[in-house]
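S.K.: Using only what follows, build the 3D model:
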Amino acid sequence: MSIFVSIAAYRDPQLEATIRDCIAKARRPEDLHFGICWQRGPEETLSLPEETHCRIIDVDWRESRGACWARAEIMRLWDGEDYFFQLDSHHRFAPDWDVKLIGYMRRTNSAKPILTTYGTPFTPGENEVLDAEPMRMNFDYFTPQAIALFRPGFIDNWRRLNRPLRARFISAHFLFTIGEFVREVPYDPELYFIGEEISLTIRAFTHGYDLFHPPEPIVWHEYTRAYRPKHWDDHVKEQNVEAEWHQRDAESLAKVQQFLTAPTIGPFACGAVRSFADYEAYAGLSFRHKRAQDYTNVSKNLRTHRCRPTGSRRRARGASSPPSTAPPFPSRHCAIRSFGTWALTMPMDRKFIARIWGTKSWNICWRAAVRKFSLSAGSNPTPNR
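M.R.: Presented below is the predicted three-dimensional model:
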């Protein structure tokens, strides 16, 4: 069973170590076919084992248009492999990760499953420590453009689990699914950074894909970006690039906002298997009102990791790193982050939601969604709260 491994790398010295660890930890490395968009400078080199099946798009970093553009270019390299595995270029892997992921795919009892999560954090170095605790994706807050962002949290009692957990969101740095995903849900090259994950989540869901978190650590991820150049630091006027990062970012944010507030069906938009409203009911979110159900918010009882994943990426123009000051959501309240200010509404009971969302849409509540989308097929039918 062949696996197409997609890696978008931007001036990252961890690219080679990531590929080598991916190969070394796989039980069947001969089944791995790498597609890499290597955005680099002339001083950067890449040395891989001769037997590595690798297709590389070699790009000068000044010509890069961002992460989503790079991932879209990589998808063009897909050659009908059975599975698609999208990663970043700074990971470590669990032993037999390939066999484990394929096994968990089968345990979902879904025809179109996606295994995804935020990888457990690690720090590259000589004495790397890989914590043996899996992560999940929790809702964090809405941006002013109604873009939902996420933060990582721990999976409690994970050692007792033997099958994947239901998920609400997709991580761009850990996405494992069937190969047909490349054809059905191609990456939008016009997106820049913020909004990549929520738009991909909705597009996949409306194309009939079911979302799951692996019940054990499979991939470790480096979150800080401290050791490598960032696209938004390089792509400024002084570097003579085609477009500055904030120009691409503004156009991308406008496109994602349009998608979330006026969704349509079509290329780089929703699928026809499920509706946008179906996803809102499934995830417990209202993009129009920038509100989340209490069971979607991060409960006080859930342990949330202090690191900020790729989902929490918004930053002011000219800043050197994304913000990391968002507090956890209070239990049983809807929290809205608008222009940096937190506002808490009353507890979101059914009557209140019916009033702000409309009774008709709210009647597709979570339990109805479970029945409608056949979410109880052998797995945990409701996301753990």
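S.K.: For residue 8, give the beta-bridge partners.
M.R.: With DSSP bridges applied, residue 8 shows beta-bridge pairing to residue 37.
S.K.: wait, isn't it in contact with residue 65?
M.R.: No: using C-beta atoms under 8 Å, residue 8 is not in contact with residue 65, being 11.2 Å away. Bear in mind the C-beta positions are built from the backbone N, C-alpha and C, glycine included.
S.K.: Look at the two and report which has more neighbours.
M.R.: Neighbours per residue (other C-beta atoms under 10 Å) separate residue 8 from residue 65, with residue 8 holding more: 29 against 22.
S.K.: what sits against that one?
M.R.: By C-beta atoms under 8 Å, 6 or more residues apart in numbering, the contact list for residue 8 reads 36, 37, 39, 67, 70, 71, 74, 88, 89.
S.K.: and what of residue 245?
M.R.: Going by C-beta under 8 Å, 6+ apart, residue 245 touches 66, 192, 231, 232, 234, 235, 236.
S.K.: most surrounded residue in these?
M.R.: Among the contacts of residue 245, residue 192 has the most neighbours (other C-beta under 10 Å), with 27 neighbours.
S.K.: How much space separates residue 203 from residue 192?
M.R.: According to C-beta to C-beta, to the nearest Å, residue 203 stands 17 Å off from residue 192.
S.K.: How about the contacts made by residue 98?
M.R.: 3, 26, 27, 28, 31, 32.
S.K.: Wait, a helix at it?
M.R.: Yes: judged by DSSP: H, G, I helix; E, B strand; the rest coil, residue 98 forms part of a helix.
S.K.: And for it, nearest residue in space, chain neighbours not counted?
M.R.: The spatially closest residue to residue 98, leaving aside those adjacent along the chain, is residue 26, at 4.5 Å (C-beta to C-beta, 6 or more residues apart in numbering).
S.K.: Helices of the stretch 201-350 of the chain, residue ranges please.
M.R.: Using DSSP state H, counting those that start in this stretch, the helices of the stretch 201-350 of the chain run over residues 231-234, 245-261, 276-283, 350-357.
S.K.: among those, which is nearest residue 199?
M.R.: For those, the distance to residue 199 is smallest for helix 245-261, at 5.5 Å, taking C-beta to C-beta.
S.K.: roughly how far is that closest one from the heart of the chain?
M.R.: Distance of helix 245-261 from the chain centroid (C-alpha atoms, centre = their mean, to the nearest Å) equals 17 Å.
S.K.: which of the residues in that helix are buried?
M.R.: Buried positions in helix 245-261, judged by neighbour count with 16 or more other C-beta atoms under 10 Å: 245, 248, 249, 252, 253, 255, 256, 257, 259, 260.
S.K.: now the residues you listed in a markdown table, with pLDDT and distance to residue 266?
M.R.: Converted to a markdown table, the buried residues of helix 245-261 look like this (pLDDT from 0 to 100; distance: C-beta to C-beta, whole Å):
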| residue | pLDDT | distance to residue 266 |
| --- | --- | --- |
| 245 | 95 | 28 |
| 248 | 96 | 22 |
| 249 | 96 | 24 |
| 252 | 97 | 18 |
| 253 | 97 | 20 |
| 255 | 97 | 13 |
| 256 | 97 | 15 |
| 257 | 97 | 17 |
| 259 | 97 | 11 |
| 260 | 97 | 15 |
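S.K.: now for these, which pair is the farthest apart?
M.R.: Within the buried residues of helix 245-261, 245 and 260 form the most distant pair, 21.8 Å apart (C-beta to C-beta).
S.K.: Closest to the centroid, which residue in this protein?
M.R.: In the chain, the residue lying closest to the centroid (C-alpha atoms, centre = their mean) is residue 171, at 1.6 Å.
S.K.: For that one, name its beta-bridge partners.
M.R.: For residue 171, the beta-bridge partners are residue 174 (DSSP bridges).
S.K.: Equivalent analysis for residue 32, please.
M.R.: residue 3.
S.K.: dump the residue contacts of it.
M.R.: Under the criterion of C-beta under 8 Å, 6+ apart, the contact list for residue 32 reads 2, 3, 5, 22, 23, 26, 52, 53, 98.
S.K.: if I look at it, how far off is residue 149?
M.R.: According to C-beta to C-beta, residue 32 stands 31 Å off from residue 149.
S.K.: just to revisit the earlier point, ok, now how distant is the residue nearest to the centre of the chain from residue 283?
M.R.: From residue 171 across to residue 283, the span is 15 Å (C-beta to C-beta).
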